[in-house]
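>>> turn this into a structure:
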Amino acid sequence: MAWMLLIIAGLCEVGWAIGLKYTEGFTRLWPSVGTVLAMIVSLWLLGLAMKTLPVGTAYGVWVGVGAVGTVVLGIVLLGEPATVARLVSVGLIVAGIVGLKLSSP
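Next up, the predicted model:
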C-alpha cells in the first residue's frame with residue numbers, strides 16, 4: 001500500500017509542477033488553487049508512505065516520478081524539446097527508480 005501511495009504522491013508532484021506553469025506566477029486563481037491542492041496532497045501522501053518505507057527510498061522515488069512525469073508532460077503539453085540526451089537522462093532516472101524499488105525491503 002505504501003508504494004501505491006508513493007506513486008500517487010509522485011503523480012501529484014507532476015500535477016503541481018506542471019500547474020506552476022499555468023498559474024502565471026500565482027496570478028490566475030483556479031490554476032493556483034489546483035496547484036496548491038496538488039502540493040498538499042503530494043506531500044501528505046509522501047508522508048504516509050514514509051511511515052513504512054525508508055526515507056531515502058521514498059524521497060528518491062517521489063522526486064524521480066515527479067521529474068520523469070514533468071519532463072514527459074513538458075514535451076507533450078508545452079512543446080519542450082525531446083532530444084536524445086533528455087530522453088536518455090529520463091531513462092536513467094527510471095532505472096534509478098526501479099533500482100530503489102528492487103533494493104528496498
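>>> please tell me how far the residue at the greatest distance from the centre of the chain sits from Leu77.
The C-alpha centroid of the chain is most remote from Thr27, which lies 23.3 Å away (C-alpha atoms, centre = their mean). Look at Thr27 and Leu77: by C-beta to C-beta, to the nearest Å, they are 20 Å apart. Every residue, glycine included, has its C-beta placed from N, CA and C.
>>> for the closest residue to Pro54 other than its chain neighbours, the count of nearby residues, please.
Counting by C-beta to C-beta, 6 or more residues apart in numbering, Ser104 is the residue found nearest to Pro54 once chain neighbours are left out, at 6.5 Å. By other C-beta atoms under 10 Å, the residues close to Ser104 number 15.
>>> swap in Ala58?
Applying other C-beta under 10 Å, I find that Ala58 has 25 neighbouring residues.
>>> show me what the helix or strand harbouring it is packed up against.
Using DSSP states H and E, Ala58 maps to helix 55-78. In terms of contacts (3 or more C-beta pairs under 8 Å, 6 or more residues apart in numbering; DSSP states H and E), helix 55-78 is packed against helix 2-23, helix 29-49, helix 84-102.
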